[in-house]
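Asker: this one's sequence-less:
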């Protein structure tokens, strides 16, 4: 699945041995307003190469690739969400812009867990934080987020 900055989502069924270029070409074909070759495809915050396969990146069914129009240093951060009470069963990873509100991360968690809301508190480095904060303001550098 490819999700771009406009939140357009393109999905394509692929084998683990298929090259990612097929998915990239599919995206450009389905979204003609984005010129072919424009943007950077990221998986877990790292650039992906079209010549490599899903297996090369150890991608699983439903994994998301983000398409960003341009990539600047420190523009993105990959955060880990863990539940200390269920550390073995709940571990989510999300790459997001450093300027996005953490509410986006919370909404992502709710969608993945298929729950209307997550109860409890969010903490970073042992201090409670709100969903209105951003990784840039805290500052988060891809560290764990509980």
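Answerer: Here it is on my side, so go on. It should be emphasised that the depicted structure is a prediction, and the values quoted were computed from it without experimental measurement.
Asker: output the below-cut-off pLDDT ranges for this protein.
Answerer: Applying pLDDT under 70 to the chain flags the ranges 70-74, 86-90, 141-146.
Asker: how does it divide into domains?
Answerer: 2-68, 76-145 (automatic domain parsing).
Asker: dump these to a markdown table, plus mean neighbour count.
Answerer: No exception for glycine: its C-beta is placed from N, CA and C like everyone else's. What follows is those, written out as a markdown table (neighbours: other Cβ atoms under 10 Å):
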| stretch | mean neighbour count |
| --- | --- |
| domain 2-68 | 14 |
| domain 76-145 | 14 |
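Asker: apart from its chain neighbours, what residue comes closest to residue 67?
Answerer: residue 4 (4.2 Å; Cβ to Cβ, 6 or more residues apart in numbering).
Asker: make that residue 131, sorry
Answerer: residue 103 (4.1 Å).
Asker: and the one you found, helix, strand or coil?
Answerer: With DSSP: H, G, I helix; E, B strand; the rest coil as the basis, residue 103 sits in helix.
Asker: I'd like the distance between it and residue 63.
Answerer: Residue 103 sits 23 Å away from residue 63, going by Cβ to Cβ, to the nearest Å.
Asker: before we move on, what about residue 53?
Answerer: For residue 53 relative to residue 63 (Cβ to Cβ), the value is 13 Å.
Asker: same check, this time on residue 124
Answerer: 25 Å.
Asker: do residue 138 as well
Answerer: For residue 138, the distance to residue 63 - Cβ to Cβ - is 26 Å.
Asker: how about residue 123?
Answerer: 27 Å.
Asker: and what of residue 48?
Answerer: In terms of Cβ to Cβ, residue 48 sits 11 Å off from residue 63.
Asker: and stretch 6-16, how far out from the chain middle?
Answerer: 13 Å (Cα atoms, centre = their mean, to the nearest Å).
Asker: run through the helices of this structure in chain order.
Answerer: For the chain, the helices defined by DSSP state H occupy 20-30, 102-113.
Asker: from the contact counts, what lies against the shortest one?
Answerer: Think helix 20-30. strand 2-4, strand 9-10, strand 65-68 (3 or more Cβ pairs under 8 Å, 6 or more residues apart in numbering; DSSP states H and E).
Asker: got the contact list for it?
Answerer: 2, 4, 10, 12, 14, 34-37, 41, 48-54, 57, 65, 67 (Cβ atoms under 8 Å, 6 or more residues apart in numbering).
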